[in-house]
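1. Okay, predicted coordinates and the sequence, questions at the end:
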Amino acid sequence: MIVVFIVCAISGVSLFLFSLSMLDRVRLRRKIRTQWGKEIPTNRFDSEESLSETFHADNTDMDAVSEIDDWTWDDLNGYEIFEKINHTYSSIGAEMLYTTLRRFQFTSQHLEKLERNVTFFQENPAVREKCEYAFASLGKQANNFVLSYLQEGKQKEIGSLKLFLFLGCLPLGGLLVSFFSPKVGLLFFIGSICLNIFIYMQKKAKIEVELTAMSYLVRMLSTAKRLTIFEHPYQKDLIGTLKPVQSILKLGFCFRVKSNTEAELIMEYLNSMFLVPLIAYQLVLTKVHHHRQEMVTIRKMIGEMETALSVLNFRLVNPDYCIPNLSGNKIHFEATNLYHPLVDNPVKNPVSWSKNTLVTGSNSSGKSTYVKAIAVNAMLAQTIHTVMADQCQLSYGHIYSSMAVNDDLLANESYFIAEIKSIKRVLDRVMRYEPCYCFIDEILRGTNTVERIAASASIVNWLASYPSLAFVATHDNELTTILEKSCENLHFSEVVTQKEGISFDYRVKNGPTKSRNALRLLEVMHYPETIIQKAQQEAVFFDKEKQWATYQ
């Protein structure tokens, strides 16, 4: 009677789990179908800490010659750009997309490969949906440590395989004993289960990282196997690369998606009763060690497929894009109706940049957004072959910026020290005589006026001696005069009226700014009249005498 009850209970749980699994699959397919061609809301499973850690640990792409460093990435709101493009369903895809946006080559091969994949998925929507379902089944798992696990070849033993096998068989022994002595068999069955769950939980707490990495790694291989069933650009390569590691997939049932659903929690407890995860871990460990390179290659192929899908979806969501023409030996950037992808209802502006350029204008007039729009699109052009413009032509080049400088209080550094360190790393790259797009916002704002203008003019003039381009946003109109022979001048302007206050058109205009609306704005904001009159007198005196009057 007891044996029948146990068998019925196990059968009932299995049927319940199967029903939940089928329901989850239906929901997942519906989600994939409805979200295609749309911008997915921010996915908190893709934490930047995890993505950045994986990016810095990734040394698989030795052909890359340029990298968006952390400072530039932060300046350009790189993670927000990533989120805007991110349409991945697996962490492998998210990690590859993040790395793709930060590391690139000065050749067209990687871009041509990306375009072939994008075109294939665009022309084969049924295959695209099958691939997305496979990636979604793999799922998200930040800090999965798969890459570092493969590169470092961790082989941390978690115990004796023979002992785990023995303990795992004890509950089955209890069931057999139940046929002859129901009470003894039941006690033996329950006792061995409790012992195994205790051992599993104890081991799991100590080796969480290893179990997590192994689990996601095996499920990655299972996803790759699923992708070999139907035709796509990576099918043949996946089939060949999977052959040496096929046997690992027999243990795939041991490494289910950690979704925290009722079905998942029940399955974990069932596995722990028989120490299945620990046994599987030990069996897979040796295989992984001997075929690490194949697994690195499989991870890269899966990531490239999802990256292509994200790029395609990004283009569908943002139809006002173009595929850039990357050509020419001399560094340059030309575009019509270029805009920033993170700005809602953006004002589009032209770009004609083949000479160091100064852009002036008041705060909030649009100059910083314009500079960032050029920098972001220079990055997107060389990484995902996509530019937010009607047309764009540019050459390959490193991308370095110095914009969002913050005081490093922990290092006891002033704003100015942090700023000159930021600019120095840009100069170090330029001195290698490699093409570099340099973006500096409010150059040397952290020091006094005279030295700021003198040093800024010297830096920008120095940059002209190298095969790089500088785009500098500044409030110092004096620079436009000092550097008028060596730099192009652009500006943004505003209109100040008594009725409407200040307004902007966000249109870039040729030449340096001529407006001086700061005092006019004080008047509109109803500052005391004596303050405004005195300020106007001081400004007129300075324009005439080139020095400041002394207050009496």
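-> Looks like it arrived, so ask away. Values in this document were obtained by computation on a predicted structure and should not be read as measured data.

2. contacts and neighbour counts: CA atoms only from here.
-> Noted.

3. did I read that right, residue 337 in a strand?
-> Yes - counting by DSSP: H, G, I helix; E, B strand; the rest coil, residue 337 is found in a strand.

4. Might you report the residue contacts of residue 275?
-> 164-165, 167-168, 196-197, 200 (CA atoms under 8 Å, 6 or more residues apart in numbering).

5. Could you check the pLDDT of it?
-> pLDDT recorded at residue 275 is 81.

6. Let me know the distance separating it from residue 213.
-> Relative to residue 213, residue 275 is positioned 18 Å away (CA to CA, to the nearest Å).

7. And for residue 415?
-> For residue 415, the distance to residue 213 - CA to CA - is 41 Å.

8. the more surrounded of those two?
-> residue 213 (20 against 17; other CA atoms under 10 Å).

9. residues in contact with that one?
-> With CA under 8 Å, 6+ apart, residue 213 has these contacts: 144-146, 149.

10. Helix or strand: which one has it?
-> Of the helices and strands defined by DSSP states H and E, residue 213 is found in helix 208-227.

11. and what of residue 480?
-> Going by DSSP H and E, residue 480 is in helix 478-482.

12. do residue 303 as well
-> Element membership for residue 303, per DSSP H and E: helix 292-317.

13. Okay, buried residues for that helix please.
-> Residues of helix 292-317 classed as buried by neighbour count (16 or more other CA atoms under 10 Å): 292, 294-295, 297-315, 317.

14. For that helix, the averaged confidence score.
-> Mean pLDDT, helix 292-317: 95.

15. now stretch 451-471
-> 88.

16. Also stretch 51-66?
-> In this model, stretch 51-66 has a mean pLDDT of 81.

17. Endpoints of it, how far apart?
-> End-to-end distance of stretch 51-66: 18 Å, with CA to CA as the criterion.

18. Heading C-terminal from the helix holding residue 213, find the next helix or strand.
-> That would be, after helix 208-227 and using DSSP H and E, helix 235-242.

19. show me what contacts residue 464?
-> Counted by CA under 8 Å, 6+ apart, residue 464 has contacts 356, 486.

20. For it, give me the backbone phi and psi.
-> Residue 464 has phi and psi values of phi -70, psi -20 when expressed as degrees, to the nearest 10.

21. quick one: it and residue 482, what's the gap?
-> 14 Å.

22. ditto for residue 504
-> In terms of CA to CA, residue 504 sits 27 Å off from residue 482.

23. One more: residue 168?
-> Residue 168 is 81 Å from residue 482, where distance means CA to CA.

24. Specify which residue of those two has the higher count of neighbours.
-> Set residue 168 next to residue 482 and count neighbours by other CA under 10 Å: residue 168 wins out with 23 against 15.

25. What's the local residue count around residue 347?
-> Neighbour tally, residue 347, other CA under 10 Å: 16.

26. Please report how far it lies from residue 527.
-> 32 Å.

27. Pull out the buried residues from stretch 243-250.
-> 245, 248-249.

28. so which of the residues you listed comes closest to residue 127?
-> In terms of CA to CA, no member of the buried residues of stretch 243-250 lies closer to residue 127 than residue 249, at 23.0 Å.

29. Test my guess that the closest one contacts residue 217.
-> No - here residue 249 lies out of contact with residue 217, judged by CA atoms under 8 Å, at a distance of 10.5 Å.

30. list the contacts for residue 476?
-> Contacts of residue 476 by CA under 8 Å, 6+ apart are 360, 453.

31. Next one: it from residue 490, what distance?
-> Counting by CA to CA - residue 476 and residue 490 are separated by 13 Å.

32. what's the overlap in contacts for these two?
-> residue 360.

33. Can you name the next helix or strand after the helix or strand of the chain with the lowest mean pLDDT?
-> Of all helical and strand segments in the chain, the minimum by mean pLDDT, DSSP states H and E falls on helix 2-35, at a mean of 65. Using DSSP H and E, the helix or strand that follows helix 2-35 in sequence is helix 48-57.

34. any idea how far that next one is from the chain center?
-> 9 Å (CA atoms, centre = their mean, to the nearest Å).

35. same for that helix, what does it pack against?
-> Helices and strands touching helix 48-57, by 3 or more CA pairs under 8 Å, 6 or more residues apart in numbering; DSSP states H and E, are helix 91-102, helix 146-152.

36. From the contact counts, what lies against the first one?
-> Using 3+ CA pairs under 8 Å, 6+ apart, the elements in contact with helix 91-102 are helix 48-57, helix 78-85, helix 292-317, helix 367-383.

37. Let me have those helices in a markdown table, extended by distance to residue 439.
-> Converted to a markdown table, these look like this (distance: least, CA to CA, whole Å):
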| stretch | distance to residue 439 |
| --- | --- |
| helix 48-57 | 23 |
| helix 78-85 | 15 |
| helix 292-317 | 25 |
| helix 367-383 | 7 |
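
38. Tell me which of the ones you listed sits nearest to residue 208.
-> helix 48-57 (16.0 Å).

39. angle of that closest one against helix 91-102?
-> Helix 48-57 and helix 91-102 are oriented at 70 degrees to each other (axes from the mean of the first three to the mean of the last three CA atoms, to 10 degrees).

40. Next, the buried residues of helix 48-57.
-> Within helix 48-57, the residues that count as buried by 16+ other CA under 10 Å are 48, 50-52, 54-55.

41. what do you get for stretch 502-520?
-> For stretch 502-520, by 16+ other CA under 10 Å, it's 502, 506-509, 511-513, 519-520.

42. so which of the residues you listed comes closest to residue 341?
-> Distance to residue 341, by CA to CA, is smallest for residue 506 among these, at 15.5 Å.

43. How about that closest one, nearest residue that isn't a chain neighbour?
-> Once flanking residues are discounted, residue 506 sits nearest to residue 366: 5.2 Å by CA to CA, 6 or more residues apart in numbering.

44. The one you found touches residue 490, doesn't it?
-> No - Residue 366 is not in contact with residue 490 according to CA under 8 Å; the separation is 11.7 Å.

45. tell me the angle of the helix holding residue 213 relative to helix 235-242?
-> Going by the same axes, to 10 degrees, helix 208-227 makes 140 degrees with helix 235-242.

46. Let me know the secondary structure of residue 170.
-> What three-state DSSP gives for residue 170 is helix.

47. my guess is residue 445 meets residue 452, correct?
-> Yes - counting by CA under 8 Å, residue 445 touches residue 452, with 6.9 Å between them.

48. got the buried residues for the helix holding residue 213?
-> For helix 208-227, the neighbour count (16+ other CA under 10 Å) marks 209-225, 227 as buried.

49. From the chain's centroid, how far away is that helix?
-> With CA atoms, centre = their mean, you get 21 Å for helix 208-227.

50. And stretch 429-449, by the same measure?
-> Relative to its chain's centre, stretch 429-449 lies at 25 Å (CA atoms, centre = their mean).

51. now do stretch 51-64
-> 12 Å.

52. still on that earlier bit, as CSV, the buried residues of helix 48-57 with distance to residue 35 would be great.
-> Formatted as CSV, the buried residues of helix 48-57 follow (distance: CA to CA, whole Å):
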residue, distance to residue 35
48, 23
50, 25
51, 23
52, 26
54, 27
55, 27
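
53. closest to residue 323 among those residues?
-> residue 55 (25.8 Å).

54. Excluding residues flanking it in the chain, which one is nearest the closest one?
-> Spatial nearest neighbour of residue 55, chain neighbours left out: residue 99 (5.6 Å); criterion: CA to CA, 6+ apart.

55. Could you check how far the one you found is from residue 300?
-> Here residue 99 is placed at a distance of 11 Å from residue 300 (CA to CA).

56. just residue 445 next, same as before
-> To residue 300, residue 445 is 43 Å away according to CA to CA.

57. again, but for residue 348
-> Per CA to CA, residue 348 is found 36 Å from residue 300.

58. In three-state terms, label residue 544 for me.
-> helix.
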